[in-house]
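Visitor: What follows is a predicted structure for the sequence shown.
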Amino acid sequence: EAAGVTAIVNTGIFPGVSNSMVRQAVEHLDSPERIDLSYVVSGSGGAGVTVMRTTFLGLQRPFEFWRDGRWQTTRPYSDRETVQFPDPYGRVNVYTFDMPESFTLAHSFPVKTVTTKFGVVPDFYNHLTWMAAHWFPTPLLRNPRTVEFMANVSHFMTSVTDRFSGMGVGMRAQVSGMKDGRHAVYASTLVHPSAAAATGCGTGSLGQLLLEGRLQKPGVRPVEQAVSTPLFEQIVQDRQLVIKGGWVQEWVQEQVQNLDKRPR
């Protein structure tokens, strides 16, 4: 900060674009209370074996998350929930997972709870990951050779299923709180056919803003603290990302109408 250098951390798709989606939703409310982030990736997401390694590293230990106004501990890949994503995903099972945005968002906004959940399609990968997290002995799961073996096996498996599932990403950011004296929920979604390209959109956009001198906030900050919503909306437009948002009640009604329009 003293040197006048702007340093932004967590700039990909999640964390990254997801953080700005939360900020956008928070600004629709008078008093935000709860943030729920859900992610789904098709197969490998096109990101390679390193992402597989980080997934298994994330299963090794319980992690802290912000719930009911205090830090609590939970097990990775637990508390399964079925979340509705836009097409082509539909209903997907997601699980608690340690994400950096769960930490930064709790400090950036005056909310009581922040949850981050992650899932994969095809769904049988979720079951395999759950078994690794809950059935494998802790010393085995923390062995670097085990992690390397599982990462490479997983990468080989997804290289086969990627041909059918694709390598896209889906996100849903939901913020609950008060609006005009009433409880309200605002949600936004994003789907991209390539998780790797979407990550590049997030990081590349901020790199471009820094190089052009359009983003100057000396110090180290996460995305939601550094990037204003108008600037984020400009990024979305420039990179041709499609984010759909609205009050949840209206969003549910729209989904029902779309179902009614489908041929029987």
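Guide: Received the coordinates, thanks.
Visitor: Now for the protein, the helix or strand with the poorest mean pLDDT.
Guide: Of all the helices and strands that make up the chain, helix 248-261 has the lowest average by mean pLDDT, DSSP states H and E, namely a mean of 52.
Visitor: Break down the stretch 51-200 of the chain into its strands, ranges please.
Guide: For the stretch 51-200 of the chain, the strands defined by DSSP state E, counting those that start in this stretch occupy 63-67, 70-74, 81-84, 91-96, 113-121, 169-179, 182-192.
Visitor: Leu140: which of the ones you listed is closest?
Guide: Nearest to Leu140 among the strands of the stretch 51-200 of the chain is strand 63-67 (19.3 Å), distances taken as CB to CB. Backbone N, C-alpha and C define where each C-beta goes, glycine included.
Visitor: Packing partners of the closest one?
Guide: Contacts defined by 3 or more CB pairs under 8 Å, 6 or more residues apart in numbering; DSSP states H and E place strand 63-67 against strand 70-74, helix 100-108, strand 113-121.
Visitor: Show me which positions of the first one end up buried.
Guide: Think strand 70-74. Of the residues in strand 70-74, those scored as buried under the neighbour-count criterion (16 or more other CB atoms under 10 Å) are Thr74.
Visitor: quick one: average confidence on it?
Guide: In this model, strand 70-74 has a mean pLDDT of 95.
Visitor: Just name whatever secondary elements that strand is in contact with.
Guide: Helices and strands touching strand 70-74, as assessed by 3+ CB pairs under 8 Å, 6+ apart, comprise strand 63-67.
Visitor: Direction-wise, compare the strand it packs on with strand 113-121 and give the angle.
Guide: Here the directions of strand 63-67 and strand 113-121 differ by 120 degrees (axes from the mean of the first three to the mean of the last three CA atoms, to 10 degrees).
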